[in-house]
Each structure stands twice: as structure tokens, then as C-alpha cells.
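Colleague: this is a predicted model, with the sequence first.
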Amino acid sequence: MDLSNNTVLVTGGATGIGWCIARRLLEAGNKVLVCGRRQERLDAALERLPGLQARRCDVGTAEGREALGEWARDEGVNVLVNNAGMQRMVDLTKGVRALEAGDNEVRINFEGPVYLTVRLLPDLIARGTGAVVNVTSGLGFVPMAAMPVYCATKAGLHLFSVSLRRQLRGTGVKVFELIPPMVDTELDRGARAERGQAERGIPPEEVAQAFMEGLERDRFEIAVAGAAHLVAASRASFDEIFEAMNARS
């Protein structure tokens, strides 16, 4: 894939992995749009990278996705990077209140990227070129039980990516999946402290480097560092079974 002269939307692009990806794409000669839920973080991102375009948006709401989709179409986006996400420790034995105690992971991590992608697909297909990149996690292949909803949403986004890639064969629209391991960002920093976990994960810049290399080489599953071991450990004969079940599609 050509890594220059694209118009790219990176959700959750003001911090962490999203910001590092946005920076690398901007440096490579692309027009880069980012969105996030916190205006102060977007303002800080614009100060650090004045070439960015930014908009406050919540991909976990239908209204937010509609506004974001309109902005993306108006700007001519041909590459969508679904990076926005959040992660919570949830004790399911405490009942529904445990699920309702914070932001909704299902809406932000799964519903958001699915609906935003499908909203933009007609334009991408009509253009006959472009890409969708879904940022999942090694925990979508081998879950950590303390974060059951997060892991389930990433597993769902992985399978959505597999199916979307199959449906878009022959359209010119490519579907990539970026699969990071634990990364030193704000995503799980508080929970790590709560668990007494000293390991902080790899730098987000390392994930952004793998992202650029993977897209350039058309490597549709980009498993970064230790996540590659989780992906391999989760599979026996998935590819063969998938092909057999979908031979007529």
C-alpha cells in the first residue's frame, strides 16, 4: 500500500498509539485527521503537530459517528484507522452494576468502529481504493479474565475484520488488523497500578513503526512483538476451517 498522499482519519488520535500513528502518517506526506473525546488532549496534539486536523467526537454514540462520518466524507478520507478504545477491569460476579460503573466498552470498542466503518464503506468502494485498519489486541486472541468485556470486544473486532476483508475482495479496499501487546499508554495504567503490575509494556512508537511497515508490505494481520505469540497460541487450523465454511462466498 502507498503510505503517502492519503487522507487518513485516526480515531482516538490525540494520545498513545493513535497519536504516534498520526505523527508517522503526517510525516510520510498524508493529510491526517484525528478525533477524541477530550478537547484538551486534542489541543495538545495540535500544538505538537500543527499539520493535524482535529475534532472532538465520541465514536460510542450514534450522533458522534454521524458527525464524524460527514466530516470524513467532506475531507475525502480514504483510510480509516479505528483506534479509539477503552479498557476496564470488571468483576462480573458483582452483577450488572459492575458493567455500568464506567464508560461502555461495547459501544466504544466494538459498536463504534463497526458502525463508523460501514458508514464510510460506500465512498471507499466507489473510489475503488483505500483501507480500513482496526486496532485490536493480543487479548482478543487469549483473554485476561480480569478484563472480560475489553477482551471480548477486541475478539469481536478481530472477527469483524476477517469477515469484512472477505466481503471487500475485489473492491480495491484493503482491511488491516493491528494487534498490539501491552503498550505503555494511559489505556490500562491505573489498573496496572491496582494489580501491582510493574511491567509497562512496549512504547507506542514501536506499534506505530510496525503499523507503517505492515501497511507498506500489505501484511493484513500485523501482530506486534509479544502479541504474535498470543495469536499463534490461539490458532490450530482456523484458516483452513474458515476457508471451508466460506468457500462459496
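Modeller: On my side now, so go ahead. Numbering: from 1, shown residues only.
Colleague: rest of the way, CA atoms for contacts and neighbours
Modeller: Noted.
Colleague: residues near Val59, how many?
Modeller: Around Val59 sit 29 other residues, with neighbours defined as other C-alpha atoms under 10 Å.
Colleague: thought it was touching Val114?
Modeller: No. Counting by C-alpha atoms under 8 Å, Val59 sits too far from Val114 to count as a contact (10.1 Å).
Colleague: from Arg219, how far off is Cys102?
Modeller: Let me fix one detail, which is that residue 102 is Gly and not Cys. Remark: distance between Gly102 and Arg219 (C-alpha to C-alpha, to the nearest Å) = 35 Å.
Colleague: hmm, I was thinking of His158
Modeller: 15 Å.
Colleague: compare neighbour counts for those two and give me the winner.
Modeller: More neighbours sit around His158 than around the other of His158 and Arg219, counting by other C-alpha under 10 Å; the figures are 24 against 16.
Colleague: which SSE is the more buried one in?
Modeller: His158 belongs to helix 148-167 when assigned by DSSP states H and E.
Colleague: in that helix, what's buried?
Modeller: Of the residues in helix 148-167, those buried by neighbour count under the rule 16 or more other C-alpha atoms under 10 Å are 148-158, 160-162, 164-165.
Colleague: show me what contacts the closest residue to Arg107 other than its chain neighbours?
Modeller: The spatially closest residue to Arg107, leaving aside those adjacent along the chain, is Gly60, at 4.7 Å (C-alpha to C-alpha, 6 or more residues apart in numbering). Contact criterion C-alpha atoms under 8 Å, 6 or more residues apart in numbering gives Asn104, Arg107, Ile108, Asn109, Glu111, Gly112 as the residues in contact with Gly60.
Colleague: assumed the second one was part of a helix.
Modeller: Yes. Read with DSSP: H, G, I helix; E, B strand; the rest coil, Arg107 is one of the residues of a helix.
Colleague: number of nearby residues for it?
Modeller: 19.
Colleague: for Met86, give me the pLDDT.
Modeller: Listed pLDDT for Met86 reads 95.
Colleague: OK, contacts around it?
Modeller: For Met86, the contacting residues are Asp103, Glu105, Ile108, Asn109, Tyr150, Leu187, by C-alpha under 8 Å, 6+ apart.
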